[in-house]
Structure formats: structure tokens, C-alpha cells
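Asker: Give me coordinates for this.
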Amino acid sequence: MKQLKKQVLLALSMAACLFALTACSKAEERPSLGEMETAYLLEDTKNIFDNLMTIQDEAMDDVIAQYRDNDMEPMAAGLEGYKAAKGDLGAFQSTADGTVEVSDDGYSITLNTVFEKRNCEFTITLDKKMSEITSMSFNPEYTTGENMIKAALNTLMGMGTVFLVLIFISWLISCFRYINQFENKSKKVPAPLPVITKAPVTQTPAAEENLTDDLELVAVITAAIAASTGASADGLVVRSIRRAAGSKWKKA
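Answerer: Purely as a prediction, here's the structure:
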């Protein structure tokens, strides 16, 4: 496995050298390429692609990590794209023709490849000096029906996500009333206990006892009054006798 990774890196280094040698024969900025230069670029791109196809699935992650360790991020990103699309592509079968385009930023080489399930465009871009690979990508060719299905699924997923978020927000807003009720209950001051006032005790006056029927008591009182005044007891008439309140009467 280690030897395989070394071969891949060696092949890519050789391809970069070929790009650099091709660039030395022309000026830094040019509007077009000759047939020989175009053929060189296509051949170098094909060599890079063939070396990438020799990477085993179990070694793919290690090769990607090695590219990143060697500051070859475009190669690492391109391999990650191939790894993600490999299920749609199937096994590699052959390579076809390709094209080379010149832009203000550099050069773009596209190689048409054939896989088991569908065709794929393998594209590499170079800087103006042709000394550095700036990007690498695998672009599977999907049918119109497949593209429409993907677009419908993406739309459905997007709308479903939006509706789920709206439902969650509605449910959250509906819970605010319960939160408000809970806050009101926690802040509610307990009602003061009712004050029990004792009814005033009214003392009912004791019924006056009529003592005039007690003849012995009337005789004693009459005699006492006559003795104290010096009058005759026959001239005194006791009409009513009332008990005086207090302890003195009780002690009599």
C-alpha cells in the first residue's frame, strides 16, 4: 500500500514537471495553445487520471491525508469528490477524448471518461505558468430525469425543513401561555388569614329577687331601721327589699 502511494505521488510529480516544461516553451500569457501543447496537456492529464484509478478503496483515505500533508489540497479535494461520487459511477472502464481551454486565470483540461454506470468529466485547472494544479474535480453526467428527481428531492427537503421549523416555532409560541401561568403562580402572594374577632360578652343582669315575701327578713330590717332612727316599728312599712351588688351582702 505504501509503495502504491509513493507511485501515485511520483506520477503526479512527473506530471507537474511536464506541465512546467510545457510552460517554458511559451510566454507567460498567451491567447491560445498549439496542437502539440494541447496534446501534451491531455496526455499528462490522462496519466494523472490513470494513476488515481489505481488507488484501492481501503487506501483512499490515506492517500487523501498524504496529499494534504504535502500541501496538495486541490488533489485531496478532488479525490474526496471522486470518493463521494464513486457509488454513482461504478467501475472505471476507459478514457475518451478531451479538451483544453485557456482563461484569464490559467488553463482548464477536461478529459471525458467512461465508467460502468455513467460517463464522467475529469477536469484539472492549472495556473498561468502551468506549474501548479489549482483544482481537480470529477463531474458525473446525469440524465435529465435524474437531475429532475434530484431537484425535486432537494426542493422537498428544503420545504420540509422550513415547515418543520415553522411547526416547532408555533408549538413554542403556544407554550408561552403555560410559561406565563407558571410565572404567575410562582409570584402569587398568599392571601392573609381571616382575623377571628371575639364577640363581646354581654353580662345579662341577674333577675332581681323580690325579698318582700320573706317575712322574717322584713321584720328584722324593720326593727333595725326603727332602732337606728328611734321611730316606732309600727309606723314603718317596708314596700320593697333589693339585694345590693358586691361582697358586702354576701358576707351579711
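Asker: rest of the way, CA atoms for contacts and neighbours
Answerer: Will do.
Asker: what kind of secondary structure is Thr125 in?
Answerer: When classified by DSSP: H, G, I helix; E, B strand; the rest coil, Thr125 comes out as strand.
Asker: thought it was touching Ser135?
Answerer: Yes - using Cα atoms under 8 Å, Thr125 is in contact with Ser135, at 5.3 Å.
Asker: now the helices for the chain?
Answerer: With DSSP state H as the criterion, the chain has helices at 2-24, 35-53, 60-69, 73-89, 144-174, 176-187, 215-229, 247-251.
Asker: any chance of those in JSON lines, plus mean pLDDT?
Answerer: As requested, the helices of the chain are exported to JSON lines (pLDDT from 0 to 100):
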{"stretch": "helix 2-24", "mean pLDDT": "53"}
{"stretch": "helix 35-53", "mean pLDDT": "90"}
{"stretch": "helix 60-69", "mean pLDDT": "91"}
{"stretch": "helix 73-89", "mean pLDDT": "92"}
{"stretch": "helix 144-174", "mean pLDDT": "89"}
{"stretch": "helix 176-187", "mean pLDDT": "75"}
{"stretch": "helix 215-229", "mean pLDDT": "74"}
{"stretch": "helix 247-251", "mean pLDDT": "52"}
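Asker: Thr125 and Ser135 - which one has more neighbours?
Answerer: Neighbours were counted for Thr125 and for Ser135 using other Cα atoms under 10 Å; Thr125 has more, 23 against 18.
Asker: quick one: that one and Thr45, what's the gap?
Answerer: 10 Å (Cα to Cα, to the nearest Å).
Asker: Would you mind listing the residues touching both of those two?
Answerer: Common contact partners of Thr125 and Thr45 (Cα atoms under 8 Å, 6 or more residues apart in numbering): Ile109.
Asker: on that earlier part again, save the helices of the chain as CSV, and put in mean neighbour count and distance to Glu116 too.
Answerer: Below are the helices of the chain laid out as CSV (neighbours: other Cα atoms under 10 Å; distance: least, Cα to Cα, whole Å):
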stretch, mean neighbour count, distance to Glu116
helix 2-24, 16, 23
helix 35-53, 17, 13
helix 60-69, 17, 20
helix 73-89, 18, 6
helix 144-174, 12, 17
helix 176-187, 11, 57
helix 215-229, 13, 144
helix 247-251, 8, 131
